[in-house]
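K.L.:
mind looking at a prediction? Sequence and model below.
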Amino acid sequence: MVGVVVSHSETTDVPEGKLRAVEEVLDAQPLLSAADLELLRWAAEYYHHPVGQVFATALPLALREGRDRQPLQRFWEPTAAGQETLAGDTLRRAPRQKALLVHVAAHAGCDDAALDAAFDSWRSHARALVARGLLQSRQQPFESAAIPSLAASDAQAGTLPVLTPAQQRAVEQLTPAELQGAFLLDGVTGSGKTEVYMRVVSEVLSRGRAALILCPEIGLTPQLLERFERRFDTPVAALHSGLTDTERARAWRAAATGQARIVIGTRSAVFTPIPQLGLIVVDEEHDSSYKQQEGGFRYSARDLALLRGQRSGVPVVLGSATPSLESLHNVHLGRLAHIELPERAGSAVPPRVALIDMRAHPVHKGIATPLRHAIQRHLEAGAQVLLYLNRRGYAPTLLCQSCSWIAPCSSCDARLTVHQGRDRLACHHCGAEAPRPTRCPRCGYELHPLGHGTERVEETLAELFPDFAVERFDRDNLRQARQLEQAIERVHSGAARILVGTQMLTKGHHFPDVTLVGVLNADQSLFSTDFRAAERLAQTIVQVAGRAGRAERPGEVLIQTQYPEHPLLSTLLDGGYAGFTASALMERDAAHWPPFVRLAIVRASDLNPEGALEFLRAAKALLPSPTGVHLRGPVPAAMSKRADRYHAQLLVESAQRTRLQRFLAEWVPAVEAMAAPRSLRWALDVDPLEVL
Ligand code: ADP
Ligand code: ZN
């Protein structure tokens, strides 16, 4: 077993027979500083999660398992008795031992290499001296390389773009020496936020300090990493899920020893120890992947970044074109300073956005006539076209047109998606797959795929625009980072002219030749029960729209909908993202949802349909809820049956964070102590993103 020592004591109540000796100390020097430890302890307390699992999240697996240790060397020193011996003549009869001891003492200790250089053979004499209690050895790390000074780090200083006035103001606001506090860099897509980060990082490096840049998913945004590597003439440590365990441990160590002064990483990189940290950037701060939503330790890397910065006096910059309502609320409260980049950098102008009423136009296989004409126009003008659809697969349903049978998942309250390429049906909730039946199992009539996924849209586009190559971006088509890179390359080279894809396409890509963006179906999210669905939809639309017209040629965005008068779409079109957030914040306030209240949610599931609800009812009854704290539910989850388990949830809500925290501190241990069937699972999520 490998453990992490966080403190030690001289005495214990544990009976002696139960104590075990430490077999080996893996790290000669602590891996984490006192401040790093404090952050982890705070996180364990705030998220009410066992501190050991919090450490497990923070430390790379290879280090936790004692693989890939810091290289150590044996270091020899005389003992106190050995020092005394040097004066007398105890070792008169052992001149070689004496010579060794004298040498070691004269050099204030030596490592193996130094002794190898000084003596032909010394190991047996060293052993004899150790047996006499005159010499001792310990393991110590190799001298860590000196931290490089990076005064002139801007590799391309001569060729940098001239900052726009807004960028200039942002850089000035973010570069004073001894700057502290938290900032929201609220810049429309293409406004040059990354350029601002790089200028500020350059300043930070020139002061001999290091920068931590968090991003949602490096696999999806390789361009960010690339841009930093190209710009700075210094090692960059990248920490993300595409690394092997050893690579991750190496990168982590490069950051922790100060050899890499720029650390770019995804969620868990927020815990990386970084000496002389001088800046934390959270790019695309609104992105939901900053919140760990599965597994044990459900934390928000964005929130922990703010906390880390505050505790260590390091400025934190949250950047986004579509800031979260939380961050905008924090601006109103004065907790974040608002820095705006209202215009695109360079010659790019904002795209023109319009809705297409799908009820008013003929629709061919999911594409309405006006969109089809627009695609034709943009392609003929030599540009690229991007179509966004939040649905993988060929069709979301397989339907019998005679008896209306729909292929269901046997483990979930869900329909199976048709995957044409693999000729299978798949459940997007539990991952189950089934062969695709050709005839209806109920009446024997023919089955037809109903609706459109990316795979089907790709087929339709190939049929409508046979002269233009289509590139499909989704998890089924691009499973590996390498495939994604190649697809991006085909877009940049111009080989691909039409891009169709899911969420994957909305993230941070810079495709200068895309001038038309089509949102094929925005409607699924308009009527979701999750209070955050509107915010996420608005962010997605604005982000995907931001892919249009990022260079010289102006962009156009067309959104297909059955509900053109829906208030979300109209505020977004009339008032832009700021107009949307203003009204969305008022709604949240009126409905008592975050950021105006604090939430925690307990999700439970069981094989028995009633098990989770019963457990949560009993949990709710454990303690009377104190003033200002409300327990709501339990209720079955929106999709109650998933992967053969029945899910339910209980909400804990308070207007004040401290009240909620005080209640959880008392209540969670009581819930943990409850008797529950073995099949029951539950987890607490503080500040949940999804309340479905
Ligand atoms: P964001 O991160 O806000 O989406 P980027 O930093 O990616 O924006 O910038 C968008 C594009 O504009 C990039 O190609 C970038 O090189 C370019 N750019 C950024 N700042 C300037 C500037 N001041 N002048 C000209 N081009 C710029
Ligand atoms: Zn399923």
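P.N.:
Alright, I've got the coordinates. Just so you know, these numbers come straight off a predicted model, no measurement behind them. Ligands and ions are numbered 1, 2, ... in the order given.
K.L.:
for residue 422, which three-state class applies?
P.N.:
coil (DSSP: H, G, I helix; E, B strand; the rest coil).
K.L.:
one more: residue 282?
P.N.:
Per three-state DSSP, residue 282 ends up strand.
K.L.:
surely it meets residue 316?
P.N.:
Yes: at 6.9 Å, residue 282 counts as touching residue 316 under the criterion of C-beta atoms under 8 Å. The C-beta positions use only the backbone N, C-alpha and C, and glycine is treated the same way.
K.L.:
these two: which has the busier surroundings?
P.N.:
Neighbour comparison, residue 282 and residue 316: the larger count goes to residue 282, with 30 against 24 (by other C-beta atoms under 10 Å).
K.L.:
which residues does the more buried one bridge with?
P.N.:
Judged by DSSP bridges, the bridge partners of residue 282 are residue 214, residue 318.
K.L.:
that one and residue 216, how far apart?
P.N.:
Distance, residue 282 to residue 216, using C-beta to C-beta, to the nearest Å: 9 Å.
K.L.:
give me the common contacts of the two.
P.N.:
Common contact partners of residue 282 and residue 216 (C-beta atoms under 8 Å, 6 or more residues apart in numbering): residue 290.
K.L.:
low-confidence stretches in the stretch 151-300 of the chain?
P.N.:
Within the stretch 151-300 of the chain, the stretches with pLDDT under 70 are 151-158, 218-222.
K.L.:
what is the longest helix of this structure by residue count?
P.N.:
When the chain is parsed with DSSP state H, its longest helix is helix 567-590.
K.L.:
so does it get close to ligand 1?
P.N.:
No: residues of helix 567-590 are not located near ligand 1 by C-beta under 6 Å from any ligand atom, the shortest gap being 13.6 Å.
K.L.:
give the buried residues for that helix.
P.N.:
By neighbour count with 16 or more other C-beta atoms under 10 Å, helix 567-590 contains the buried residues 568, 569, 571, 572, 573, 577, 580, 581, 584, 585, 588.
K.L.:
of the residues you listed, just say which sits nearest to residue 486.
P.N.:
Within those, proximity to residue 486 (C-beta to C-beta) peaks at residue 577, which comes in at 32.6 Å.
K.L.:
okay, that closest one: pLDDT?
P.N.:
Residue 577 is assigned a predicted lDDT (pLDDT) of 92.
K.L.:
now the residue lying closest to it once chain neighbours are set aside: how far from residue 431?
P.N.:
In space, and not counting its chain neighbours, residue 577 is closest to residue 542: 4.9 Å by C-beta to C-beta, 6 or more residues apart in numbering. The gap separating residue 542 from residue 431 is 31 Å, by C-beta to C-beta.
K.L.:
so the two - more neighbours on which side?
P.N.:
residue 542 (21 against 11).
K.L.:
let's verify the more buried one: helix, strand, or coil?
P.N.:
helix.
K.L.:
that one and residue 522, how far apart?
P.N.:
From residue 542 to residue 522 the distance is 12 Å (C-beta to C-beta).
K.L.:
please name the residues that touch residue 125.
P.N.:
Taking C-beta under 8 Å, 6+ apart, one finds 94, 96, 97, 100 in contact with residue 125.
K.L.:
output the set of residues of the protein in proximity to ligand 2.
P.N.:
409, 411, 412, 427, 429, 430, 432 (C-beta under 5 Å from the ion).
K.L.:
just want the most central residue of this structure.
P.N.:
residue 267 (3.3 Å; C-alpha atoms, centre = their mean).
K.L.:
just checking, it touches residue 293?
P.N.:
No: at 10.5 Å, residue 267 and residue 293 do not qualify as touching, with contact defined as C-beta under 8 Å.
K.L.:
now whichever residue of the stretch 351-500 of the chain sits closest to ligand 1: which helix or strand?
P.N.:
Using C-beta to the nearest ligand atom, the single residue of the stretch 351-500 of the chain nearest to ligand 1 is residue 492, 12.3 Å away. According to DSSP states H and E, residue 492 maps onto helix 481-493.
K.L.:
list the buried ones in that helix?
P.N.:
Result for helix 481-493 [16+ other C-beta under 10 Å]: buried residues 484, 487, 488, 491.
K.L.:
how near is the first one to residue 469?
P.N.:
If I follow you right, that is residue 484. When distance is defined by C-beta to C-beta, residue 484 is 17 Å away from residue 469.
K.L.:
repeat that for the third one.
P.N.:
Between residue 488 and residue 469 the computed distance is 14 Å (C-beta to C-beta).
K.L.:
contact partners of stretch 296-306?
P.N.:
With C-beta under 8 Å, 6+ apart as the test, stretch 296-306 has contacts from 39, 43, 47, 49, 53-54, 56-57, 182, 212, 214, 266-271, 280, 282, 285, 290-292, 316, 318, 683-688.
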